[in-house]
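got a sequence here, can you build the structure:
(one chain, ligands or ions: 1)
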Amino acid sequence: MNNLASPEIWFICGSQHLYGPGPLQEVENNAKEVAKGLDNSSAIPLKVRFKALLTRPDEIYALVQEANHDQNCAGLILWMHTFSPAKMWIRGLASLTKPFCHLHTQYNRDLPWNDIDMDFMNLNQAAHGDREAGFLHSRLRLNRKVVVGHYSDPEVQERLGVWARTIHAWHDLQGAKFVRFGDNMRYVAVTEGDKVASELRFGFEVNTHGVGDLVAHVNAASDSDVNALLDEYETSYVVAKEMLKGGARRDDLVYGAKLELGMRSFLKEGGYKGFTDTFEDLHGLRQLPGLASQRLMADGYGFGGEGDWKTSALLRAIKVMAHGLDGGTSFMEDYTYHLDPMGHQVLGAHMLEICPSIAKGKPSLEIHPLGIGGKEDPVRLVFDAPAGDAINVSLVDMGNRFRLIVNEVKAVDVPSLPKLPVARAVWECKPDFKTAIAAWIYAGGAHHTVYSYPVTTEFIEDFATIAGVELVVIDSDTKLREFKNELRQNDLYYALAQGLRV
Ligand code: MN
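Numbering: from 1, shown residues only. Below you'll find the predicted structure:
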């Protein structure tokens, strides 16, 4: 994946001096063992490093400052092995800018019923030590994830793994740069948004470049690089005969390769993690970038069509969460419906730009007319997405805050679509089509989404918690009347919680 760092998680254990040096040494040794156990877990993709046993307010404050400033620290896991009076933590935690997870665990898994004495009780008292910590976290209104259970429990490691992937995405977004070639599609509302508020809230910056700056990179693509890329296309895809060497449309594919090389060179030079384009502003380009956008997405770049920078940034974040997991993640659009009473379905696609990471089988590389934009026919990858559980996620700007919307869906096998020249997915919505779509529309969810197989609602919930933004979930438990109430209550909560700094 392009431009992705490997930060680490700091494991912090809290205690106090009441117990004397002997027990404190034991606490530290145990904490190191817990951290090591988590570090060795294949479910947790980031390094977990035991960082400190903290017992005094000044130590806690100093550690938090170090975490805030260390570029390699993605977040903290906090655990109170013994009781750690939480007023010691106020000044430190109030200044923490990194995400944290409160792991409510215990060194020992089982109680030694026959041998248990007061020394054992005093050493292993996370059961109440972590409640003291939890009170302060709640009292300070700190956003965090709470994970409960023995650290060796696979379910606990899985929860921590989801959180680790999410803080990896958060770490990746801080200072991330996204470039827009051209503005939004004219008159479209949902792809608009406040780029000052988004940088304040999510940490990424969005800036624009005239498409002419991109054209210069496209024109600079060398013949040898173009030829190497054409060879790669022929190994990776089923290339339409007309675009093979000597074919009537070979020149269109050569231009498609140049477009990809030019975009890669532009994005690399600027250190960008994602981009947007629009068919309304392609001055100097011969085709709307289809194949190029698809292949860049597959390499981890964020993408949003028609100037949709919010979806581009969200796609990058979700791709980082999914990094190394089976199953793909793509830019998506709810395109058209199958309204058969026996089973309502959504056909998801876009004009061109669906990520081949969700392709079932080898994609075919084809060329067809586009019908809008007034440019030459664009080359594109055509494929079906597989059946399976997936989510659609949308990020919208409500004016006083951002809202994330998730719909859990079940993708089904794509029927034969011999005349549809774009990549596509077909899914059924939870809890049912009518409830899900009505809820989505009440929530103001966009037609553009991030569509992912490996990333589940829990990841997006963790992400929303870290960002401090609203999340509404449409899943098998959704009831429309309650959902509408939730939207109204959230309106009020976020107005109060965020105040004027939005
Ligand atoms: Mn679109």
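
so where's the chain shaky on pLDDT?
Applying pLDDT under 70 to the chain picks out residues 502.

spell out which residues of it are next to the ion.
The chain has residues 305-306, 333 near the ion, with proximity defined as CB under 5 Å from the ion. Just so you know, the C-beta spots here come from the backbone N, C-alpha and C atoms, and that holds for glycine as well.

repeat that for 6 Å
Contact residues (CB under 6 Å from the ion) of the chain with the ion: 305-306, 333, 350, 448.

the stretch 101-250 of the chain: strands as residue ranges?
145-148, 177-181, 205-209, 238-239 (DSSP state E, counting those that start in this stretch).

and R424, which of those strands is closest to it?
Taking CB to CB, strand 238-239 is the member of the strands of the stretch 101-250 of the chain nearest to R424, at 16.6 Å.

what's the closest one packed up against?
If contacts are counted by 3 or more CB pairs under 8 Å, 6 or more residues apart in numbering; DSSP states H and E, strand 238-239 sits against strand 364-367.

neighbours around Y255, how many?
19 (other CB atoms under 10 Å).

most packed of the strands of the stretch 101-250 of the chain?
strand 177-181 (a mean of 23; mean count of other CB atoms under 10 Å).

residue of this structure nearest the ion, please.
The nearest approach of the chain to the ion comes at G305, 4.2 Å away (CB to the ion).

relative to G324, which of the strands of the stretch 101-250 of the chain is closest?
strand 145-148 (20.4 Å).

what's next to the closest one, contact-wise?
Strand 145-148 is contacted by residues 101-105, 134, 156, 159-160, 163, 462, 465 when judged by CB atoms under 8 Å, 6 or more residues apart in numbering.

in those residues, which residue is surrounded by the most others?
In these, the most neighbours by other CB under 10 Å go to W163, 28 neighbours.

hmm, that residue is touching C101, no?
Yes: under the criterion of CB atoms under 8 Å, W163 makes contact with C101 at 5.1 Å.

hey, what's in contact with both of these two?
By CB under 8 Å, 6+ apart, the residues touching both W163 and C101 are 75, 145, 147.

what count of nearby residues applies to D231?
Neighbours of D231 under the rule other CB under 10 Å: 11.

contacting residues for it?
By CB under 8 Å, 6+ apart, the contact set of D231 is empty.

follow-up on the earlier one: now render the shared contacts of W163 and C101 as TSV, adding distance to M398.
As requested, the shared contacts of W163 and C101 are arranged in TSV below (distance: CB to CB, whole Å):
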residue	distance to M398
G75	27
K145	24
V147	30
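
for Q287, state which of the contacts of strand 145-148 is nearest.
Proximity of the contacts of strand 145-148 to Q287 was ranked by CB to CB; the top entry is D462 with 39.0 Å.

now do the SS call for that closest one.
Three-state call for D462 (DSSP: H, G, I helix; E, B strand; the rest coil): helix.

that one and V162 touch, don't they?
Yes: with contact defined as CB under 8 Å, D462 counts as touching V162 (6.2 Å).

how about the strands of the stretch 101-250 of the chain, which one is nearest F483?
Distance to F483, taken as CB to CB, is lowest for strand 145-148 among those, at 23.6 Å.

ok, back up a step: I'd say the residue of the chain closest to the ion and H447 touch.
No: contact criterion CB under 8 Å: G305 and H447 do not qualify, at 10.1 Å.

any residues in contact with both of these two?
Common neighbours of G305 and H447 (CB under 8 Å, 6+ apart) are E333.

look at the two and report which has more neighbours.
G305 (22 against 16).

contact partners for the more buried one?
276-278, 331, 333, 350-351, 353, 448.
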